[in-house]
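Undergrad: The following comprises the amino acid sequence and a computationally predicted model.
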Amino acid sequence: MAVPGAQQPPASPAQALVELQSGNRRFVTGNPLHPNQDAGHRTAVADGQHPFAVVLGCSDSRLAAEIIFDRGLGDLFVVRTAGHIVGTEVLGSIEYAVSVLETPLVVVLGHDSCGAVQAAREADGAGTTPPGYLGAVVGAVVPSLRQAARQGVDDIDGIVDIHIDHTVEVLLERSVTLNRAVREGRCAVVGMSYRLAAGEVRVVRSVSATEDVALAAGPAAPTAHH
Ligand SMILES: [Zn+2]
């Protein structure tokens, strides 16, 4: 069976999204094609990479990007942190892909029962700060907890959706490079939530290419400057 776009990497944000969604469908239904994982392709991409999507995902061991989207070498530019929290190295990595590699799609990938979100919720509820650098992870999730409280959302997966949406906002607010790429139609940003048991992704938030996304848009986001 031919994989549409397997040989010709998707060039537009819309094509890139279709490619990810069809790969996820193959994974969910147990019919993965494992494209671009053979020795021939490994050699072919050794001279240069043209990934069609950036995936900023949670580090959770069950959220391996190439597996759940049924892709291979050279396809995805992957950045992962616990709770997909955003710091300067994350922003720099995404900007490298968008500006130098001209990757047309940035995906924020969260998932149900996210441990980072749960840990933040517990620490925040108890009024404690976890030791060491764990505090940074919790601190970056707290604004999403506040947003959820304002919206009256109390279940963990509802909070996860809000945190994914918030991460999309943070990327567009903090990265001038990404913001410009979106406004100029070169890139889109999509927030997705993955279900651990079912293996499927669901779009939570979509910022299309050419959408007019202001820097520091919306209500003052405390995470924008932490
Ligand atoms: Zn997680």
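TA: Looks like it came in fine.

Undergrad: Sketch out the low-pLDDT regions of this structure for me.
TA: Across the chain, the ranges flagged by pLDDT under 70 are 1-7, 214-226.

Undergrad: For this structure, what lies in contact range of the ion?
TA: Contact residues (C-beta under 5 Å from the ion) of the chain with the ion: 58, 60, 114, 116. Every C-beta, even on glycine, is put in place using the N, C-alpha and C of the backbone.

Undergrad: Provide the secondary structure category for the second one.
TA: Right, D60. coil (DSSP: H, G, I helix; E, B strand; the rest coil).

Undergrad: Adjust the sequence numbering to begin at 393 for everything that follows.
TA: Yep, numbering from 393; the last one is D452 now.

Undergrad: contacting residues around it?
TA: Counting by C-beta atoms under 8 Å, 6 or more residues apart in numbering, D452 touches 474, 503, 506-507.

Undergrad: who wins for neighbours among those?
TA: Most neighbours among those, by other C-beta atoms under 10 Å: C506, with 27 neighbours.

Undergrad: Relative to R542, how far out is R575?
TA: R575 is 28 Å from R542, where distance means C-beta to C-beta, to the nearest Å.

Undergrad: If you count surrounding residues, which of the two has more?
TA: Each of R575 and R542 has its neighbours counted (other C-beta under 10 Å); R575 has more, 17 against 10.

Undergrad: That one and V446: what is the separation?
TA: On the measure of C-beta to C-beta, R575 and V446 end up 17 Å apart.

Undergrad: Just flag the most distant two among the contacts of D452.
TA: Spanning the widest gap among these are A474 and H503, at 11.8 Å by C-beta to C-beta.

Undergrad: any common contacting residues for the two?
TA: In contact with both A474 and H503: 450, 452, using C-beta under 8 Å, 6+ apart.

Undergrad: Any idea how far stretch 560-578 is from the middle of the chain?
TA: Here stretch 560-578 is found 14 Å from its chain centre; the criterion is C-alpha atoms, centre = their mean, to the nearest Å.

Undergrad: Likewise for stretch 484-495?
TA: That offset, for stretch 484-495, works out to 14 Å (C-alpha atoms, centre = their mean).

Undergrad: and if you look at stretch 416-425?
TA: With C-alpha atoms, centre = their mean, you get 20 Å for stretch 416-425.

Undergrad: Return the set of buried residues in that stretch.
TA: 416, 418-420, 424-425 (16 or more other C-beta atoms under 10 Å).

Undergrad: Spatially, which two of those residues are the most separated?
TA: V420 and L425 (13.3 Å).

Undergrad: For the residue nearest to G550 when sequence neighbours are not counted, give me its contacts.
TA: Distance criterion C-beta to C-beta, 6 or more residues apart in numbering; nearest residue to G550, sequence neighbours excluded, is A540 at 6.7 Å. A540 makes contact with 546, 550-551, 554, according to C-beta under 8 Å, 6+ apart.
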